[in-house]
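In: sequence plus predicted model, see below.
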Amino acid sequence: MNVSYVPRQNWFEPLMQILLPILLLIGMWVLLMRKMGGPSGGSGGPGGIFNIGKSKATLFDKGTRVNITFNDVAGLDEPKWK
């Protein structure tokens with residue numbers, strides 16, 4: 001009786017060589033995108049990298065009036081409060 005050995009192919013190792021780097025890259029991409037998300041989405045917060053140079057100006061309502069004129073503060077070092 002003849003016995004023949006057939007070598008078994010390992011399918012797990014080549015599969016991990018392809019999938020593991022791809023999964024690591026996708027994981028790093030997701031992590032970076034969450035960090036750079038900013039206040040609108042993500043946990044970047046106000047100190048995110050894309051908030052450099054953005055205006056922090058406050059919008060005023062159309063109906064409000066400012067009662068201080070140039071004559072009230074002209075020539076003074078500090079504003080004069082009434």
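Out: Good, I have the coordinates. Numbering: from 1, shown residues only.
In: next, D61: phi, psi?
Out: phi -70, psi 150 (degrees, to the nearest 10).
In: kindly apply the preceding question to R34 instead.
Out: Dihedral angles for R34 - degrees, to the nearest 10 - are phi -70, psi -40.
In: okay, it: pLDDT?
Out: Here the pLDDT value assigned to R34 is 80.
In: can you check the one 3 residues further on too?
Out: Confidence per residue is given as pLDDT, and for G37 that number is 62.
In: helices of the chain, residue ranges please.
Out: 12-35, 70-73 (DSSP state H).
In: tell me which of those helices sits nearest to K62.
Out: K62 sits nearest to helix 70-73 of all those, at 21.9 Å, using C-beta to C-beta. Quick note: C-beta positions are derived from backbone N, CA and C, even for glycine.
In: in the closest one, what's buried?
Out: Across helix 70-73, burial judged by 16 or more other C-beta atoms under 10 Å covers no residue at all.
In: so for it, mean pLDDT?
Out: On average, helix 70-73 scores 74.
In: convert that helix to CSV, retaining C-alpha atoms only.
Out: This file holds the C-alpha atoms of helix 70-73, laid out as CSV (Å, rounded to 0.1, in the frame of the first residue of the first chain):
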residue,chain,number,x,y,z
PHE,A,70,-17.4,108.5,19.0
ASN,A,71,-17.9,111.8,20.9
ASP,A,72,-18.4,109.8,24.1
VAL,A,73,-15.0,108.2,23.9
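In: what about the chain, any weak spots by pLDDT?
Out: Scanning the chain with the threshold set as pLDDT under 70 gives 37-54, 75-82.
In: one more pass at 80, please.
Out: Residue ranges of the chain with pLDDT under 80: 35-82.
In: among the helices of the chain, which comes closest to S55?
Out: Between S55 and these, the shortest gap by C-beta to C-beta is with helix 12-35, which sits at 22.9 Å.
In: W29: how many residues sit nearby?
Out: 10 (other C-beta atoms under 10 Å).
In: just to revisit the earlier point, distance to V3 added to the helices of the chain, as a markdown table?
Out: Converted to a markdown table, those look like this (distance: least, C-beta to C-beta, whole Å):
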| stretch | distance to V3 |
| --- | --- |
| helix 12-35 | 27 |
| helix 70-73 | 104 |
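In: kind regards, and thank you for your time.
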